[in-house]
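Undergrad: Provide a 3D model corresponding to the input given below.
(one chain, ligands or ions: 1)
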Amino acid sequence: MKKWIFLSGLMAGMLPCSAQNAPQPYGALPTQAQLDWHEMEMYCIIHYSVDTYTDREWGYGDEDPALINPARFDAHQIVAAAKAGGFKGVVVVAKHHDGLCLWPTETTAHSIRKSPWKNGKGDMIQEYREACDQLDMKLGLYCSPWDRNSAYYGKPEYVDLYRRQLKELYTNYGKLFISWHDGANGGDGYYGGSRETRKIDRSSYYGWETTWALIRNIQPGAAIFGDVGPDVRWVGNEEGHAGETCWATYEPQAPEQGRLPSNGFTKYQLGTEGTRNGKYWMPAECDVSLRPGWFYHARENSRVKTPDELLDLYYKSVGRGANLDLGLSPNPDGQLDPEDVASLQQFGYVLHQTFSKNLAAGASLSASNTRGNNLSLYGPENLLDDDRYSYWATDDQVTNPELTLTLPTETTFNVIRLRENIRLGQRIEAFTIEAFTGGKWEKIAAATSIGANRLIRLQHSVTASGIRLTITQSPVAVALSDFGLYHEPELLRKPVITRSSEGKISITSSPKGSKIYYTLDGSPPTPSSSHYRTPFRLPEGGLVKALAVDERQQSQTASLQAGPVKTAWKMVQPKYQGKKNPAEYAIDDRPETFCQASSMPSEMVIDMGRKQNIKAFTYLPRQDGDNSGTVTHYRIETSEDSVQWQETADGEFSNIKANPVEQVVIFQKPASARFIRFKATEILSGSGMTAAEIGVLLK
Ligand code: FUL
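TA: Sure thing, here's the model as predicted:
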């Protein structure tokens, strides 16, 4: 019986529709490479290169390849950690914007051949290939189109060189699941020594149509990712979440209407939802790093995302029909830090615990309609097998069917999963779920867009003996392939540490009732550390680490690096910048407000009230989703008396447009200062700089 259902389900998806009276496919449809990509659900992206040693997010292009000499580079350790997290493959950054090639390329001298690692005979991409093969993981590659090293960048020769790099990578390292193309383009760089700014027209310069044809020719099974596809689109943020409603179809906005979209062109108008009935099947990838930045920075060691943060992102990406692409950042030794590995492992463990058992298995199913009354081919039993393409279908005119599951016993669950047979397109628009609990039917959930996957994570567990699914909106007959009920074990969350503007530290934990322990000296907290009972004052700031413990579990450690209180701080200059976003908003300790200067160059001078020993400066860009006025290049000066000034730091806030997290500038040596001047030498757009919060860290 099982076998027959499997075969017939497969045939229904593959044979000419009329032969099996199968529903007509609806709208844009996925290719085989896209179907394979959907089935992966999660993979990692690995950033390791010169930035790992220079402590930057984007290299300038003049870095010495000799910087790369890891003592213990171990592709196996990195890929194994991804596998333990439940990820199905890795995308390796073979060349980032700095231009250094991690494989022995013939196209440029700026490569791993110039590094002392393995006497210039090493090949990191080959080592990842071997690790993936050993661990049964898939491999994908990212070769940055923007190259701040190449003298040819911006000229036609570079496009040819870039294609030769892809040819080498896609010919010599076996089968790839994805060809990953970043959308960051042009700007200042080394460019063979000319050290200038080069701008390109992102819609025409790269000749993407030709490059895609080349990729399809060498790697026909690889999905091509770019900001705007063509196979997989960027979700529009680097925070790892898709829209609550998320369509796998997409239609780019003008001026690309009517022709194939090109990578990078509409990057910041992407939005997280896609386009209902869009012309192309172009599902979203949600990329986000396990750490705040994509590359390893020791200062971010206490901010590795915890398993519960990863779970939250999982439900907001994979749970909305998108894929999750999690950034991993090997350290200068060439491996992942133990904290990163531990977080991946626990995340993988909880996923496994949750999804290895479908609690709906064994239920008896009854549908208000089954296509042609053909139960063996289109009956609801197909929802409970492991085949993503066998499905329950209704007659053409039945678009609001109901399905009732009677569970063998009262069952407790907190996650619901639905999937459509996407070989027939994305059809269902909305549905509701009721549970038979306490002797009556109760609505427990309602959601939109299903597609490849829809997960509903309930706030509280529900115990029920029956479940009713009602499709409330669908333009055509339904073709649903999976229905699952799961129980996610409850994790003791890491505590939340906050600091009030008066310098009071509060720590809370969830679920409530656990005990909290903390340290203030940077050491990891344990149950013998100080026991937190009530908020305490920490006016000078510092590093707070906390841990929650209950009778069953111990949480991950939470950390907060707090600066000194700003109650005595004064904005010396500018005095006032309009009613709406005054300069003082940059020092009000409220990240939701931001100041906005009216012209460039913009600078602010802050009086911190007294002399202090400052080790770092922090800048939080505006957090309202608009990036106008965000500072990309800065200069910081400090002074004890506001007469004599010293230049303390200058540089670039790389990748701040796509990833607007707090930026920390650590000074070469601590500065004794009462006054600080922050000057924006370049901003993203708009007339003057914006800042949500400016701060310092004390020695
Ligand atoms: C971005 C790049 O600019 C970042 O450096 C990183 O590689 C990320 C995955 O894509 O757009």
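Undergrad: so what's the residue of the chain found nearest the ligand up against?
TA: With CB to the nearest ligand atom as the measure, Ala184 is the residue of the chain nearest to the ligand, at 3.7 Å. Glycine gets a C-beta too; all of them are placed from N, C-alpha and C. With contacts defined as CB atoms under 8 Å, 6 or more residues apart in numbering, Ala184 is in contact with Trp58, His97, Ser144, Trp146, Asn655, Ala658.
Undergrad: State the number of residues packed around Arg622.
TA: 24 (other CB atoms under 10 Å).
Undergrad: is it true that it touches Thr630?
TA: Yes: taking contact to mean CB atoms under 8 Å, the distance of 6.6 Å between Arg622 and Thr630 places them in contact.
Undergrad: Quick check: neighbours shared by those two?
TA: Residues touching both Arg622 and Thr630 (CB under 8 Å, 6+ apart): Pro660, Thr690.
Undergrad: interface residues of the stretch 201-350 of the chain facing the ligand?
TA: In this structure, the stretch 201-350 of the chain approaches the ligand at residues Asp287, Trp294, judged by CB under 6 Å from any ligand atom.
Undergrad: for the stretch 1-150 of the chain, that is, sorry about that
TA: For the stretch 1-150 of the chain, the residues in contact with the ligand (CB under 6 Å from any ligand atom) are Ile45, Glu57, Trp58.
Undergrad: Run through the strands of the stretch 101-250 of the chain in chain order.
TA: Listed from the start of the chain, the stretch 101-250 of the chain has strands (DSSP state E, counting those that start in this stretch) covering 138-143, 178-180, 187-189, 196-198, 223-226, 232-234, 249-250.
Undergrad: would JSON lines of those strands with mean neighbour count be doable?
TA: Converted to JSON lines, the strands of the stretch 101-250 of the chain look like this (neighbours: other CB atoms under 10 Å):
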{"stretch": "strand 138-143", "mean neighbour count": "23"}
{"stretch": "strand 178-180", "mean neighbour count": "28"}
{"stretch": "strand 187-189", "mean neighbour count": "20"}
{"stretch": "strand 196-198", "mean neighbour count": "13"}
{"stretch": "strand 223-226", "mean neighbour count": "26"}
{"stretch": "strand 232-234", "mean neighbour count": "26"}
{"stretch": "strand 249-250", "mean neighbour count": "22"}
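Undergrad: could those strands be laid out in a markdown table, adding mean pLDDT and distance to Thr404?
TA: What follows is those, written out as a markdown table (pLDDT from 0 to 100; distance: least, CB to CB, whole Å):
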| stretch | mean pLDDT | distance to Thr404 |
| --- | --- | --- |
| strand 138-143 | 98 | 39 |
| strand 178-180 | 98 | 40 |
| strand 187-189 | 94 | 58 |
| strand 196-198 | 96 | 63 |
| strand 223-226 | 95 | 37 |
| strand 232-234 | 93 | 36 |
| strand 249-250 | 93 | 31 |
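Undergrad: Using a markdown table, please lay out the ones you listed together with distance to Val605.
TA: Compiled in a markdown table, the strands of the stretch 101-250 of the chain are given as follows (distance: least, CB to CB, whole Å):
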| stretch | distance to Val605 |
| --- | --- |
| strand 138-143 | 41 |
| strand 178-180 | 43 |
| strand 187-189 | 27 |
| strand 196-198 | 28 |
| strand 223-226 | 43 |
| strand 232-234 | 38 |
| strand 249-250 | 46 |
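Undergrad: got any ranges where the stretch 101-250 of the chain has weak pLDDT?
TA: Segments of the stretch 101-250 of the chain classed as low confidence (criterion: pLDDT under 70) are not present in this model.
Undergrad: cutoff 80 now
TA: Low-confidence segments of the stretch 101-250 of the chain, defined by pLDDT under 80, are located at 184, 186, 203.
Undergrad: Enumerate every residue touching the spatially closest residue to Glu63 that is not a sequence neighbour.
TA: Setting aside the residues directly before and after it, Glu63 is nearest to Val50 in space (CB to CB, 6 or more residues apart in numbering), at 3.9 Å. Val50 sits next to Gly59, Glu63, Asp64, Pro65, Leu67, Ile68, Asp98, Leu100 when contact means CB under 8 Å, 6+ apart.
Undergrad: can you count the residues close to the third one?
TA: A count of nearby residues for Asp64, using other CB under 10 Å, gives 12.
Undergrad: next one: the first one
TA: For Gly59, the tally of surrounding residues (other CB under 10 Å) stands at 25.
Undergrad: so who does Arg454 touch?
TA: Taking CB under 8 Å, 6+ apart as the contact definition, Arg454 lies against Gly319, Arg320, Gly321, Arg417, Leu418, Arg419, Ala447.
Undergrad: same thing with Leu290?
TA: Residues Val304, Lys305, Leu310, Leu326, Gly327, Leu328, Ser329, Asp340, Ser343, Leu344 are the ones in contact with Leu290 under the rule CB under 8 Å, 6+ apart.
Undergrad: Kindly report the domain assignment for the chain.
TA: Structural domains of the chain, as assigned by automatic domain parsing, span the residue ranges 33-350, 357-486, 496-562, 570-698.
Undergrad: closest to Asn21 out of those?
TA: Proximity of the domains of the chain to Asn21 was assessed by CB to CB; the nearest stretch is domain 357-486, lying at 5.4 Å.
Undergrad: Over to the closest one now: how far is its first residue from its last?
TA: Its start and end residues considered, domain 357-486 measures 7 Å (CA to CA, to the nearest Å).
Undergrad: what does stretch 635-643 give?
TA: Separation of the first and last residues of stretch 635-643 by CA to CA is 17 Å.
Undergrad: who touches that stretch?
TA: Residues beyond stretch 635-643 that count as contacts (CB under 8 Å, 6+ apart) turn out to be 572, 605, 607, 611, 614, 617, 645-650, 665, 671-679, 681.
Undergrad: Now a ChimeraX select for only the buried ones of those residues.
TA: Of the contacts of stretch 635-643, the buried ones go into a single ChimeraX selection, burial set by 16 or more other CB atoms under 10 Å:
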select :605,607,614,617,645,648,649,665,671,673,674,675,676,677,678,679,681
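Undergrad: Tell me where this structure is predicted with low confidence.
TA: Looking at the chain by pLDDT under 80, you get 1-20, 184, 186, 203, 252-271, 511-512, 575-579, 600-601.
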